[in-house]
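**Student:** have a look; sequence and predicted model below, questions after that.
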Amino acid sequence: MSLRPLVILPDPLLRQVSTPVERFDAALKRFSDDMFETMYDAPGIGLAAIQVAEPIRMLVIDLSKEDEPNAPQIFINPQILTRSDEINVHEEGCLSIPDYYADVERPAAITVAYQDIEGNKHEINADGLLATCLQHEIDHLDGTLFIDHISKLKRDMVVRKFKKLARDRPPARMVG
């Protein structure tokens, strides 16, 4: 396992739509291990592959609390099948937009179809924090950020701040 550098706003890679995973092999398993290590190190509760510069439709989540054992979950090629009419508001943050948080409205419950690390198909009904986290990470796979769900004024302020910070730091990912 190894830590992967996080892709940080305003990197245009964050706006790229990820491609479906077609090969379920040892390399994908190693990559999932890297994603978990990176997410836990950050620390975060969810991470999309695009956030570590891999534009594939894969995300990892672990909603366990600090005093609980890890409960890692992998979602490959996730697709939201249904969304409830009921709306929840959660304060969201993002590893690719460090130290910025905002209240975001999302459907309170969803049903998601996905594949596991072996390629087996599943469906899950999610509500609460799991529903919010899945929607946040699936948005990443579609090139959408949580700041796209807040007012244009607030979003523009955040983007300007991160563009300025980007000018003052070296690139977060290596080009090779």
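**Tutor:** Right, received. Where do you want to start? Residues are numbered from 1 along each chain as shown.
**Student:** which residues in the chain form strands?
**Tutor:** For the chain, the strands defined by DSSP state E cover 46-48, 58-61, 73-83, 87-94, 97-107, 109-115, 121-127.
**Student:** mind checking how far the first one is from the chain centre?
**Tutor:** Pointing back at strand 46-48 there. Distance, stretch centre to chain centre, for strand 46-48: 3 Å (Cα atoms, centre = their mean, to the nearest Å).
**Student:** ok, now the last one?
**Tutor:** Taking the mean of its C-alpha atoms, strand 121-127 sits 17 Å from the chain's own mean (Cα atoms, centre = their mean).
**Student:** partner strands of it, parallel or antiparallel?
**Tutor:** strand 109-115 (antiparallel) (DSSP bridges).
**Student:** buried residues, the strand it pairs with. List them.
**Tutor:** 109, 110, 112, 114, 115 (16 or more other Cβ atoms under 10 Å). All C-beta atoms are positioned from the backbone trio N, CA, C, and that covers glycine.
**Student:** quick one: contacts of it?
**Tutor:** 21, 24, 75-84, 86, 121-127, 131, 134-135, 138 (Cβ atoms under 8 Å, 6 or more residues apart in numbering).
**Student:** next, the angle from that strand to strand 87-94.
**Tutor:** Relative orientation of strand 109-115 versus strand 87-94 (axes from the mean of the first three to the mean of the last three Cα atoms, to 10 degrees): 50 degrees.
**Student:** Throw the buried residues of strand 109-115 into JSON lines and include pLDDT and distance to residue 8, thanks.
**Tutor:** Shown next, in JSON lines, are the buried residues of strand 109-115 (pLDDT from 0 to 100; distance: Cβ to Cβ, whole Å):
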{"residue": "109", "pLDDT": "98", "distance to residue 8": "31"}
{"residue": "110", "pLDDT": "98", "distance to residue 8": "27"}
{"residue": "112", "pLDDT": "98", "distance to residue 8": "27"}
{"residue": "114", "pLDDT": "98", "distance to residue 8": "27"}
{"residue": "115", "pLDDT": "98", "distance to residue 8": "28"}
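**Student:** which residue packs closest to residue 140, ignoring adjacent ones?
**Tutor:** Counting by Cβ to Cβ, 6 or more residues apart in numbering, the nearest residue to residue 140 once its immediate chain neighbours are dropped is residue 48, at 3.5 Å.
**Student:** leaving out chain neighbours, which residue sits closest to residue 149?
**Tutor:** residue 104 (4.6 Å).
**Student:** coming back round to it: next up, the contacts around the residue nearest to residue 140.
**Tutor:** Residue 48 is in contact with 18, 58, 59, 137, 138, 140, 141, counting by Cβ under 8 Å, 6+ apart.
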